[in-house]
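Enquirer: quick one: sequence plus predicted model below, questions after.
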Amino acid sequence: MLLAVIGRSAAVTVAGLVILIAGFLLLHAQPALREIGFVRFFADASWNPSPGPEGRFDIVPALVGSALATALAALIAVPIGITAALGSTFFVHRAVARLVDSGVGVLAGLPSVVIGLWGLTALVPWIARIRAPGASLLAAALVLAVMVVPTIYVASRGAFKSIPKTCLDGATALGMTRIGILRAAVLPTVKPALAVGAVLAITRALGETMAVVMVAGNVAAIPRSLFDPVRTLTANIALELPYATGLHRSALFAGGAGLMALTWSLVVLGRCISRAWSGEHND
Amino acid sequence: MTEARIHRSTTSKSDVAVQTASWLALVALLVPLGLIVGDLLMRGATSLSPQFLVDSPSKAGREGGIGPVLLSTLLVMGVCLLVVVPLGLAAAIGLNEYLRRGGFAVRTVRIALDVLAGTPSIALGMFGYAFFCIALGMGVSILAGGLTLACMVMPLYVRLSEQALRTVPDDVRAAADALALRRYTAILRIVLPVAAPGLFAATGLALARALAETAALLFTSGYVSRTPGSLLDPGRVLAVHIFDLSMNVPGGDGPAYATALVLVALLLSVSGVPRLVRGFTRRWSHPV
Amino acid sequence: MSQIDNRARALLPWCPMEKTAPCCTPRTYLEVTDLTVKYKNTTALRHVSIEIPRGCVTAIVGPSGCGKSTLLHVINRMTDAVAGCDVRGSVRLAGAEVLGKGVDLRMLRRRVGLIFQRPNPLPLSIAENVLLPLRDHGFTGREERASILERVLHEVGLWDEVAQRLNAPAATLSGGQQQRLCIARCLALLPEVILFDEPCSALDPIAAEIIEQLICRLRNRYTVVIVTHNLAQARRVADFTAVLWNREGASSLVEFGKTRHIFERPTQGLTSLYVGGVTG
Amino acid sequence: MAVVTSTGAAGVSVTGTVSVVGSSTIAPVLGELGRLFEAGHPGTRINVETGGSTRGIVEARSGRADIGMVSRALTVNEQDLAAYLVARDGVALILHSGLEVQSLKREQVIDIYTGRIDRWVGVGGPDAPISVIHKAEGRSTLEVFLDHFGLKPTDVRPSVVVGDNQQCIKSVASIPGAIGYVSIGAAEFAVADGVGIRLLPLDGICATTANVRAKRYALTRELNLVTDATVSPVTRAFIDFVLSSDATETIRDLYFVPIGD
């Protein structure tokens, strides 16, 4: 019974931790929510949080920036991550698969500042050649994709490996083509795990700070094209928190709380998709 | 878990398509890695030397080595793993073995873990500072840094451990239940040995994610590059050192890239360990 | 061998009976009354009542999907681990209620062994598959456990085939051998009732034949309940037979009686329909 | 400047911990000075933490930190803190090295930053788009820059917003046709180190640390240390060390202009 008690208490501490963090963010965001008010966060003309009356706290560009950068990154990283995991589990020689696994282990471990620096020194000039300034939504999406693809790869790889051999042999025994086998035996059993893997990756991209700040351009305006600069919620905090005072500082915390709310809703959405795909048992 | 291989069936057009797609995806995955590590090698190799690993930094890190930083990193990672592995494994076992049926507790915990995974690292850093450093009075220290890192890495570790536990087929658990084995005997002697390779891989990946963290540790484990005397002393980790050198110190790029190379070497050894152990565990526990 | 049995028997409050009276004067040992089992929205069993005689082999037959396995899994409460499974009614083992609250599941499953359709040896060595459960149930003596291991492997006819490689992984055994190993580890715990859930359906005829002979040898020493959709097997092995049938979305007991009556002079139309055309 | 003996002002050897919190620009200098001070005074520990000037002010006032690092002049409501001017740091305009533009008049800079001119051909450069690099809200170099050119934060139309100095330098070097402003010391080192940027003179005066030292260069900002009323002996000793001539070598080494010069 001891393990049951530890299991439940560990579970409770984790849930408690999340509530503590959310409470901490809301506590610090309280002055801003009271004084600036929820509406102005969305109605203000721009984001110029200078002290005094002419401060503007329009959070919409940052929200849109975060959503766009994350969505684009997921669009790039999810297919690549899943297909690569598919390849290394079923199609390539085991030594190659092991090589890829350790390679992904390294990519997952690179600090975001290293990937951000590479983005700034390699990606941005390359994009700038197409259209100035180079630091843009596209650069942010690519860098986030590189940060996030290991998470999807690992989640999918685990899911593919846990498919019972009997399913695979059944489909192979029918002499079906590879795609047939994938569609018949592989995908149905792992769809819920893939959905959760994708959600984990997207929440990670939403929370990423250092790498995005380097390459996104951080202009607080809604980008009209891939090449326009974009500011994410996390970049907003990272850039201004060290020097923010009073109302501005608490407005940044409100942004942080908003980001957690976005993450929360995304996680619940992902869970519903995963449950819908998996029929009765949730993963 | 045996590696399932799909035998080379007749290569129809669709098969070729799937084959090339997966090869393309693998290449697309490894190209950025090659570019980044290549870039690091090109810019950082010159400052690398055995002395670099031992000396302490001088002239704000532009000269000397990263001895104390390496030590602080190992200490912070140690504290983090000491918290994450037992607690995470217990939670994974709790979720997977005990609360098997999707009750309310299981669903809330799973959602809480996912949200914790999504918490922006800078917000967790601020929380860690306010909670561990100030509220619990640890001050900016290795201990506070390790605990904050544990909060960040816990969700990933629990999810990967659960996946490892799930590789144990259910009919083995049914057999253990039918034989009325005590629950902890079934887990310790049957489930864990079979899941061991997956669990070690989970630890390796969690450690990799911990090594990569910058924002959360900047406020909690500190900026000081001196050798920490105790767990309550501040100490700067590799990622923070790389950040400071490349962002705040003119001429800090060379040592920054060299430090990044040391981190890459550390990562390779970390992701190599599970493979060693998998070879070992395969000998006496047999995939069903 | 019996000297060891006495010491083992002294350890356990319940112990398998001596040679009892022949089967023809049956006394009820396992009594299922008015059992209804529902999974979320489907009803597996409705108002099933059966009296399983002591020391005999009772077969439960019926088309697949008529809840035969569910009945077995209720008796040793394996259904507890199934999400959304609702069990109503009563199952009494030697007079003691099984389904109520406060039943010591560990002791229940030690007294009522269950053999699955697909052999599921523990991912350990051949010897450990038997020794680990013994250790876990408090058999402390090493030599005592070793002798039980030897006895049960002899009983299932595995000893000659595996004596030299007891430490080899159980996964290296053939399907039939694995199933016999599962039976051996169940016998090692000295159960009173052994439930077989289609034990031979995953095995080749020769291995199935060995298992059937083994079940016959268990008669009079253990109360055996075997679920099978192989009517010839039921006829060969069982003293009593129960026929379950799927009517109006749930299955219930059609007829229960001596195997000879069920196969030669069935009283229910459904039984004759189902067992009709059975060749020897 | 009174030369302080290593045993501290009062002749007695000082021990204890000094916690220094604040601007990430000054942190490397204070970190290095802390290391030297610890070498000279066994038993002392100087714990430097970053987090920005605001955190320096807040934690110095609350007493959680002994010394606050502030990379700007103190505002009117921060006069309650004791301030020690440690060094000055000039702020210079920098261009991507690919541009041949030699100098820019004051109005041209204002037109560029307010978006009225958006191609280099307008100011005697190649026909290429201008990428305006601007600092994030609250940064000290930003405030000094806006004050000098008389701009309000809402007037500026940036193409890219950056945080720390090195990020600005690397962005200007990576983005063709980019213009930005950063502390002179960091820019001078980058040029010497071969990074692809060029410094622009301001109002005809070359942007060099020498000119800042000679107080000829107009656009400068102060680097201050602040403490609250109560100062422990070891903190006092460390501040004296930082203000002493022993420290000017290290300050100059990190491309700031010590007060003594």
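Expert: Okay, I see it.
Enquirer: from now on I want contacts and neighbour counts done on CA atoms only, so please keep to that.
Expert: Will do.
Enquirer: the closest residue to chain C within the stretch 51-200 of chain D and C:Ile148, how far apart?
Expert: Proximity of the stretch 51-200 of chain D to chain C (CA to the nearest CA) peaks at D:Gly51, 51.4 Å away. Counting by CA to CA, to the nearest Å, the gap from D:Gly51 to C:Ile148 is 70 Å.
Enquirer: can you name the residue of the stretch 1-150 of chain C nearest to chain B?
Expert: Taking CA to the nearest CA, chain B has its nearest neighbour within the stretch 1-150 of chain C at C:Arg106, 4.9 Å off.
Enquirer: could you find the closest non-adjacent residue to that residue?
Expert: Nearest residue to C:Arg106, sequence neighbours excluded (CA to CA, 6 or more residues apart in numbering or on different chains): B:Ala180, at 4.9 Å.
Enquirer: now for that neighbour: which residues touch it?
Expert: Neighbouring residues of B:Ala180 by CA atoms under 8 Å, 6 or more residues apart in numbering or on different chains: C:105-107, C:109-110.
Enquirer: at 10 Å instead, please
Expert: Contacts of B:Ala180 were listed using CA atoms under 10 Å, 6 or more residues apart in numbering or on different chains, and they are B:174, B:186, C:105-113, C:133, C:136-137, C:189.
Enquirer: C:Glu212 contacts C:Glu198, doesn't it?
Expert: No: counting by CA atoms under 10 Å, C:Glu212 sits too far from C:Glu198 to count as a contact (11.2 Å).
Enquirer: pLDDT below threshold where in chain B?
Expert: Chain B contains residues with pLDDT under 70 at B:1-12, B:98-103, B:272-288.
Enquirer: kindly report the residues of it close to chain D.
Expert: Taking CA under 10 Å from any CA of the partner chain as the criterion, chain B approaches chain D at residues B:57-61, B:134, B:139-140, B:218-226, B:233-236, B:244-253.
Enquirer: and stretch A:42-55, average pLDDT?
Expert: Computed over stretch A:42-55, the mean pLDDT rounds to 77.
Enquirer: which SS state does the residue nearest to C:Arg106 fall under?
Expert: coil (DSSP: H, G, I helix; E, B strand; the rest coil).
Enquirer: distance of it from A:Pro150?
Expert: Taking CA to CA, one finds B:Ala180 at 41 Å from A:Pro150.
Enquirer: buried ones among the contacts of B:Ala180?
Expert: Among those, those classed as buried by 16 or more other CA atoms under 10 Å in any protein chain shown are B:174, B:186, C:105-106, C:108-113, C:133, C:137, C:189.
Enquirer: quick one on the thing from earlier: and the contacts of B:Ala180, which is closest to D:Asp253?
Expert: B:Ala186 (64.8 Å; CA to CA).
Enquirer: residue contacts, the nearest residue to that closest one once chain neighbours are set aside?
Expert: Setting aside the residues directly before and after it, B:Ala186 is nearest to B:Ala176 in space (CA to CA, 6+ apart), at 6.2 Å. For B:Ala176, the contacting residues are B:170, B:182-183, B:185-187, B:190-191, C:120-122, C:133, by CA under 10 Å, 6+ apart.
Enquirer: so A:Leu233 touches A:Ser66, yeah?
Expert: Yes: in this structure, A:Leu233 is within contact of A:Ser66 by CA under 10 Å, at 6.0 Å.
Enquirer: out of the buried ones among the contacts of B:Ala180, list just those in helices.
Expert: Among the buried ones among the contacts of B:Ala180, the members found in helices (DSSP state H) are B:174, C:105-106, C:108-111, C:133.
Enquirer: those: which two are farthest apart?
Expert: For those, and using CA to CA, no pair is farther apart than B:Ala174 and C:Arg111, which are 16.5 Å apart.
Enquirer: would you map the strands across the stretch 101-250 of chain C?
Expert: Applying DSSP state E, counting those that start in this stretch to the stretch 101-250 of chain C gives strands spanning C:112-115, C:193-197, C:223-227, C:240-247, C:250-258.
Enquirer: now chain B
Expert: B:57-58, B:63-64 (DSSP state E).
Enquirer: swap in chain A?
Expert: For chain A, the strands defined by DSSP E occupy A:47-48, A:56-57.
Enquirer: show the pLDDT at residue 30.
Expert: Going with chain A. You'll see A:Gln30 listed with a pLDDT of 88.
Enquirer: could you do chain C instead?
Expert: According to the prediction, C:Leu30 has pLDDT 87.
Enquirer: residues touching whichever residue of the stretch 151-261 of chain D sits closest to chain B, list them.
Expert: Residue of the stretch 151-261 of chain D nearest chain B, by CA to the nearest CA: D:Gln166 (5.0 Å). By CA under 10 Å, 6+ apart, the contact set of D:Gln166 is B:244-253, D:25, D:172, D:182-183, D:186-187, D:190.
Enquirer: the residue of chain C found nearest chain A - how many residues pack around it?
Expert: Nearest residue of chain C to chain A, counting by CA to the nearest CA: C:Ala83, 9.1 Å away. C:Ala83: 14 surrounding residues under other CA atoms under 10 Å in any protein chain shown.
Enquirer: can you verify my assumption that it contacts C:Tyr39?
Expert: Yes: under the criterion of CA under 10 Å, C:Ala83 makes contact with C:Tyr39 at 8.2 Å.
Enquirer: quick one, helices of the stretch 51-200 of chain D?
Expert: D:53-62, D:106-113, D:140-149, D:165-174, D:184-192 (DSSP state H, counting those that start in this stretch).
Enquirer: ignore what I typed, I meant chain B.
Expert: For chain B, the helices defined by DSSP H cover B:13-44, B:50-54, B:67-93, B:104-118, B:121-128, B:142-166, B:170-178, B:183-185, B:192-211, B:215-220, B:238-248, B:253-284.
Enquirer: hmm, back to that, hmm, the residue of the stretch 51-200 of chain D closest to chain C is touching B:Ile122, no?
Expert: No: under the criterion of CA under 10 Å, D:Gly51 makes no contact with B:Ile122, lying 11.7 Å away.
Enquirer: so, low pLDDT: which residues of the stretch 1-150 of chain C?
Expert: In the predicted model, the stretch 1-150 of chain C carries pLDDT under 70 at residues C:1-25.
Enquirer: what does it have sitting close to chain B?
Expert: Within the stretch 1-150 of chain C, the residues that sit near chain B (CA under 10 Å from any CA) are C:73, C:76-78, C:81-84, C:105-116, C:118-125, C:132-137.
Enquirer: so what's the most centrally placed residue in chain D bridging to?
Expert: Compute the mean C-alpha point of chain D, and by CA atoms, centre = their mean the closest residue is D:Asp89, 5.1 Å away. With DSSP bridges applied, D:Asp89 shows beta-bridge pairing to D:Arg221.
Enquirer: need the contact list for it.
Expert: Residues in contact with D:Asp89 (CA under 10 Å, 6+ apart) are D:71-72, D:141, D:182-186, D:209, D:212-213, D:219-223, D:255-258.
Enquirer: switch the cut-off to 6 Å
Expert: Applying CA atoms under 6 Å, 6 or more residues apart in numbering or on different chains, we find D:Asp89 in contact with D:220-221, D:256.
Enquirer: one more: D:Thr44?
Expert: Contacts of D:Thr44 by CA under 6 Å, 6+ apart are D:15-17, D:38.
Enquirer: quick one: pLDDT of residue 262?
Expert: Defaulting to chain A. For A:Leu262, the pLDDT comes out at 84.
Enquirer: wrong one, I was asking about chain C
Expert: pLDDT for C:Ile262: 84.
Enquirer: and it, how many neighbours?
Expert: When neighbours are counted by other CA under 10 Å, C:Ile262 registers 21.
Enquirer: equivalent analysis for the one 3 residues further on, please.
Expert: For C:Arg265, the count of nearby residues is 11 (other CA under 10 Å).
Enquirer: right, I'll call it a day here.
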